[in-house]
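Asker: Sequence first, predicted model second:
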Amino acid sequence: MPLSHSKSIAAFLAAASVGGHVAAFAPAPRSAAARQHSTRVNIATPLPGLGDMLNLGGGNSNNAPEEPRDPEKAGALIDLDGIAFSGLKGKALSLSTADFPDSITVKRVIPADCFEPETAKSLGYLAVSVVGTALCTAFGVSALSVLDPANLLTLPFWLAYSLVTGTVAMGLWVLAHECGHGAFSKDKKLQDAVGYTLHSLFLVPYYSWQRSHAVHHRYTNHMELGETHVPEQAGNDQALYDSVELRKSILDTFGEDTGMKVYGGLQAFLHLIVGWPAYLLIGATGGPDRGRTNHYYPNPLSEPAQPKKELFPGNWKEKVYQSDIGVAAVAAGALAWAACDGVPEMMALYGGPLIVVNAWLVLYTWLQHTDVDVPHFTESDHNFVKGAFHTIDRPYDKLDPWGAIDFLHHKIGSTHVAHHYDSTIPHYKAQAATDAIKENFPEIYLYDPTPIPEALWRVCKGCAAVEKRGDYYIWDNKDVDAELLETEASV
């Protein structure tokens, strides 16, 4: 490898190190008459009795008959017109507020050990992700002398390299995210040092995202105060464009089949590629009542509807600026690298994998909280447990034949319900917590077996904007042929 490469990469990593130390879907169309009536969506199994919920062993007693469900709680009343079904088969729509236990009841069924991070184990998993990413990077560096990134003929190789390296490096992001939640270690200085360094390497301000992500957990699927992937409300004049009208226009222009593919592809690009930087810079898909936000500048960019709910209040403003130092150091290192050895090399070894990491992050967050039959709520009908249990676990362990991706990503997508209930549960104890939740609350636990590519494609096509129906905000697909939202298509 030419010496200049070594010096440039060393300078980049050194800058990162300096930053790190600063903070040591579809039902058939219904008739017009049918549309005038709501349907009560019933739940298949009854909730466990109070005595069972208080039993730390979990589950219904085999010796006691099940109590009949209160007819007043026999599922949610909702108009099903235009609602597509995912692999959840409308389960989330069947739930009413009364179906959700309180937070203490949930905590009692989860083994107490699940709430205890183990520093040595966390560092072990960190080592796995660091070594994996370093090996990929070393391979990329060794390929520079043979496959010049400036040569367009080498683009397929570097795209493949970015895909693999970014997929492996996503494990680092998951662990950085655990640091922000306090799930990495009881040693706060170590935890913050690791979290700050890793976030900075991904150009994400550590404390800023620690705060905004905590808000995301507190207000999951909340229409006004949710943070990330808050859906557009149909007929909202403040939106940059009307997503339902855009989809209709594209279908009218290209025909239904091709048009839906065009619309779905556009949504995939806007979310997976543009989405993350847009969120960090202007708060795209963030809670509308907080105004426009920027993770690098703590004050709202526009007047918030609820000033007392601004994203970075009080002492968080100073923490935002502290986070900026690490990001600035890494950004400066990347710019110096590009100046010394060219933009193609920097993008091949750093920029490309970073884009892939960002895409994985958006994919996980989007699919964890979004599908054609998963509702959102307003302030009067939202609470923490209800929001947390509208998180969806998915079969990321089946993304590849060996479950390698799920392992590399520390099972972040297959145990996310438990994580959303209590984000201090380390990833290596999240499966035990998930098993306890599944056993004790099968009626409200959401798991969609749809393969990930199909689920993503369904969401891209069928989640344009929501409309208010009763207490729910429901994804509006009345104007879409049900067959267009089927999931045989793959990304």
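Answerer: Nice, thanks for sending it over. The shown structure was predicted, so the numbers you read here are calculated from the model rather than taken from an experiment. Numbers count the residues shown, from 1 in each chain.

Asker: hey, let's count contacts and neighbours off CA atoms from now on
Answerer: Noted.

Asker: which other residues reach stretch 153-160?
Answerer: Contact with stretch 153-160 is made by Leu147, Asp148, Pro149, Ala348, Gly352, as judged by C-alpha atoms under 8 Å, 6 or more residues apart in numbering.

Asker: Let's see that with 10 Å instead.
Answerer: Residues from elsewhere that reach stretch 153-160 (C-alpha atoms under 10 Å, 6 or more residues apart in numbering): 140, 143-144, 146-149, 152, 161-166, 344-345, 347-349, 352-353, 356.

Asker: Helices along the stretch 51-200 of the chain, start to end?
Answerer: For the stretch 51-200 of the chain, applying DSSP state H, counting those that start in this stretch gives helices covering 103-109, 119-143, 155-181, 188-201.

Asker: scratch that, the stretch 351-491 of the chain is what I was asking about
Answerer: 352-369, 384-388, 404-408, 416-421, 430-440, 452-462.

Asker: now, of those, which is deepest in the fold?
Answerer: Highest mean neighbour count among the helices of the stretch 351-491 of the chain (mean count of other C-alpha atoms under 10 Å): helix 416-421, with a mean of 26.

Asker: Measure how far that helix is from the centre of its chain, please.
Answerer: Centroid displacement of helix 416-421 relative to its chain, using C-alpha atoms, centre = their mean, to the nearest Å, is 12 Å.

Asker: other SSEs contacting that helix?
Answerer: With contacts taken as 3 or more C-alpha pairs under 10 Å, 6 or more residues apart in numbering; DSSP states H and E, helix 416-421 sits against helix 103-109, helix 206-218, helix 352-369, helix 384-388, helix 430-440.

Asker: now the ones you listed as TSV including distance to Pro451 and mean pLDDT?
Answerer: Converted to TSV, those look like this (distance: least, C-alpha to C-alpha, whole Å; pLDDT from 0 to 100):
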stretch	distance to Pro451	mean pLDDT
helix 103-109	28	97
helix 206-218	25	97
helix 352-369	11	98
helix 384-388	22	97
helix 430-440	20	98
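
Asker: Indicate which one of these is closest to Glu303.
Answerer: Among these, the nearest to Glu303 by C-alpha to C-alpha is helix 206-218 (17.7 Å).

Asker: and the closest one with helix 155-181, angle?
Answerer: Per axes from the mean of the first three to the mean of the last three C-alpha atoms, to 10 degrees, the angle that helix 206-218 makes with helix 155-181 is 80 degrees.

Asker: Now do helix 206-218 against helix 188-201: the angle between them, please.
Answerer: Going by the same axes, to 10 degrees, helix 206-218 is angled at 100 degrees with respect to helix 188-201.

Asker: Any regions of the stretch 51-200 of the chain where pLDDT drops low?
Answerer: Applying pLDDT under 70 to the stretch 51-200 of the chain flags the ranges 51-77.

Asker: at 90 instead, please
Answerer: Within the stretch 51-200 of the chain, the segments meeting pLDDT under 90 span 51-82.

Asker: Please enumerate the helices of the stretch 201-350 of the chain.
Answerer: 206-218, 243-254, 256-269, 275-282, 316-341, 343-346.

Asker: what's the shortest one packed up against?
Answerer: Read it as helix 343-346. The contact analysis (3+ C-alpha pairs under 10 Å, 6+ apart) places helix 343-346 against helix 3-20, helix 155-181, helix 316-341, helix 352-369.

Asker: May I have that helix exported as PDB, CA atoms only?
Answerer: What follows is helix 343-346, C-alpha atoms only, in PDB (Å, rounded to 0.1, in the frame of the first residue of the first chain):
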ATOM      1  CA  VAL A 343     -12.700  11.400  -2.700                       C
ATOM      2  CA  PRO A 344     -13.000   8.000  -4.400                       C
ATOM      3  CA  GLU A 345     -10.700   6.300  -1.900                       C
ATOM      4  CA  MET A 346     -12.300   7.900   1.100                       C
END
